[in-house]
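# Can you look at this prediction? I've put the sequence above it.
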Amino acid sequence: MKQKIVASIEARMTSSRLPGKVLLEAGGRPMLGHLVERLRRVPSVEKIVLATTTNAADEDLVSFAEDAGIACFRGDEGDVMRRVIGAAESVETDILVKFTGDCPIVDPAIVEQCVRMFLHNACDYVSNGHIPSYPVGMGVQVLRLETLVRSAEMTDDVADREHVTLHIRNHPELFRHLYLIAPADMQWPELRLTLDEQPDYRLIKQVIEYYAETNPWFGCRDVVELLRAKKDWVTDDNLKPTKSSRYQHLPIGGSG
């Protein structure tokens, strides 16, 4: 039986470090727009749903979703796990490919590889971030909706509810994990390509606009090669740990 595969994006406008970050522009398009267009280039993904909050500040994200032609679900700001479940249920998905809105240049080829790993192996959860190898911001997580629902029934921990899959990641004895490791020429786990602070925005914007005319759907390998060559683009601020590192040891992105 064919299983429906949907990509979910957690996003809100009230980031404390960089408010409105997901709608900041680069190359004439908001960061969230770059992510949506990249996910549309993943062959296995049938639909995209934006999981945002009921806050008035997120009305702009609802408008973005309508203009972009993607589904939108609004839920609790703090309980991101419940919000993602609600978003997935609203589009009746079987398999969820989970992202946060602060990862605008994720590589569609890596996303597809993770989905295919999930489909062709006996597992509950696939990630390319559990063992650090890819740059932060290239993170992909694949799981069944029923697995996330089961996890939610097991935990009321605040960190688990905020970071959605943290409970699954911390309990491999309950959930079967499978990990994708980056090939040598893509490995740079210290590099932050996730949008959290102003230096992140500067670097991601530079990368997007550098490739805008010649290679707009650049992949992870392209970015690593570019930034290895343009060493002056990468500052210490672009190599620091993510804000949520105290809760997790995988470079997947921030909370939505």
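Thanks, I have it.

# tell me the helices in the stretch 151-256 of the chain, going along the chain?
In order along the chain, the stretch 151-256 of the chain carries the following helices (DSSP state H, counting those that start in this stretch): 158-163, 166-170, 198-211, 220-229.

# mind checking which of these is nearest residue 77?
When the helices of the stretch 151-256 of the chain are compared by CB to CB, helix 158-163 sits nearest residue 77, at 9.8 Å. C-betas here are computed from N, CA, C, even on glycine.

# where's the closest one relative to the chain centroid, distance-wise?
Averaged C-alpha coordinates place helix 158-163 at 16 Å from its chain's average position (CA atoms, centre = their mean, to the nearest Å).

# Show the model's pLDDT score for the closest residue to residue 220 other than its chain neighbours.
The spatial neighbour of residue 220 that comes closest, neighbours along the chain excluded (CB to CB, 6 or more residues apart in numbering), is residue 107 at 4.3 Å. We note a pLDDT of 98 for residue 107 in this prediction.

# now the helices of the stretch 151-256 of the chain in JSON lines, with mean pLDDT and distance to residue 1?
Conversion of those to JSON lines gives the following (pLDDT from 0 to 100; distance: least, CB to CB, whole Å):
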{"stretch": "helix 158-163", "mean pLDDT": "95", "distance to residue 1": "31"}
{"stretch": "helix 166-170", "mean pLDDT": "97", "distance to residue 1": "24"}
{"stretch": "helix 198-211", "mean pLDDT": "97", "distance to residue 1": "39"}
{"stretch": "helix 220-229", "mean pLDDT": "98", "distance to residue 1": "33"}
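
# Is it possible to get those out as JSON lines so that each row also shows mean neighbour count and distance to residue 67?
Supplementary listing: those in JSON lines, determined by neighbours: other CB atoms under 10 Å; distance: least, CB to CB, whole Å:
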{"stretch": "helix 158-163", "mean neighbour count": "18", "distance to residue 67": "28"}
{"stretch": "helix 166-170", "mean neighbour count": "21", "distance to residue 67": "32"}
{"stretch": "helix 198-211", "mean neighbour count": "18", "distance to residue 67": "19"}
{"stretch": "helix 220-229", "mean neighbour count": "17", "distance to residue 67": "27"}
